[in-house]
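Visitor: based on what follows, work out the 3D shape:
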Amino acid sequence: MLHHSAKELLSQLDNIIAQCKKDDFSRPLDELSNATFGQHVRHTLEFFICLFDAKNERMVNYDSRKHDREIETDRKLARSVIDSIKDFLDRNKTDFTIAFEANYTEDEGTVQTMKSSFHRELAYNIEHAIHHMALMKVAVNQTLSYIRLPENFGVASSTVRYRSGQKA
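Guide: Numbers count the residues shown, from 1 in each chain. Sure, this is the predicted structure:
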């Protein structure tokens, strides 16, 4: 189920990238505190890329992502990265143990390492993607209203289930 959920979110993201005009993808937006739509896309995708690397390294550190400017400015590349992530998820369904490494201070070298797993980090990536998609949704609704958002874009599955229960 995790893989299906992740791929569905990535498909939704791909859908709106396809609709976004080239100039709008890399234009700073007030609704995103002058970040760009593309920067939120890149940030979201790079967390998945870090998880890819954990397959071989058996360690994930989201702080060490590349901040690849090309992903945040080139819609075609961003969509290609999405395809690669979905392909990776299709080929890697088995859980495995990894270490999670992070620095939660402003000081360099203050790294903490914890036990985790591929599935646990995939679940985190899903929640992280939903959070950034919710931010993107604000920008789309306010400034990029020509983009048609999929239903429940940027909404957690628990919220979708809760809202469905409220309608009954």
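Visitor: by mean pLDDT, flag the weakest helix or strand of this structure.
Guide: Lowest by mean pLDDT, DSSP states H and E among the helices and strands of the chain is helix 157-167, with a mean of 84.
Visitor: show me the contact partners of that helix.
Guide: Ser5, Asn152 (Cβ atoms under 8 Å, 6 or more residues apart in numbering). All C-beta spots, glycine's among them, are computed from the backbone N, C-alpha and C.
Visitor: list phi and psi for the closest residue to Ile85 other than its chain neighbours.
Guide: In space, and not counting its chain neighbours, Ile85 is closest to Phe48: 4.7 Å by Cβ to Cβ, 6 or more residues apart in numbering. In terms of degrees, to the nearest 10, the main-chain angles of Phe48 are phi -60, psi -40.
Visitor: and Phe48, how far from Arg161?
Guide: Separation of Phe48 from Arg161 (Cβ to Cβ, to the nearest Å): 24 Å.
Visitor: between the two, which one's more packed in?
Guide: Phe48 (25 against 10; other Cβ atoms under 10 Å).
Visitor: residue contacts, the more buried one?
Guide: Counting by Cβ under 8 Å, 6+ apart, Phe48 touches Ala6, Leu10, Ile85, Asn125, Ala129.
Visitor: give me the buried positions along the helix ranked longest in the chain.
Guide: As assigned by DSSP state H, the longest helix anywhere in the chain is helix 118-142. Neighbour-count burial for helix 118-142, counted by 16 or more other Cβ atoms under 10 Å, picks out 118, 120-122, 124-126, 128-130, 132-133, 135-137, 139-140.
Visitor: on contacts alone, who are the packing partners of that helix?
Guide: helix 2-19, helix 37-57, strand 97-102 (3 or more Cβ pairs under 8 Å, 6 or more residues apart in numbering; DSSP states H and E).
Visitor: let me know the next secondary structure element after the second one.
Guide: Pointing back at helix 37-57 there. strand 59-60 (DSSP states H and E).
Visitor: which secondary structure elements does that following strand contact?
Guide: Short answer (3+ Cβ pairs under 8 Å, 6+ apart): strand 59-60 packs on helix 37-57, strand 97-102.
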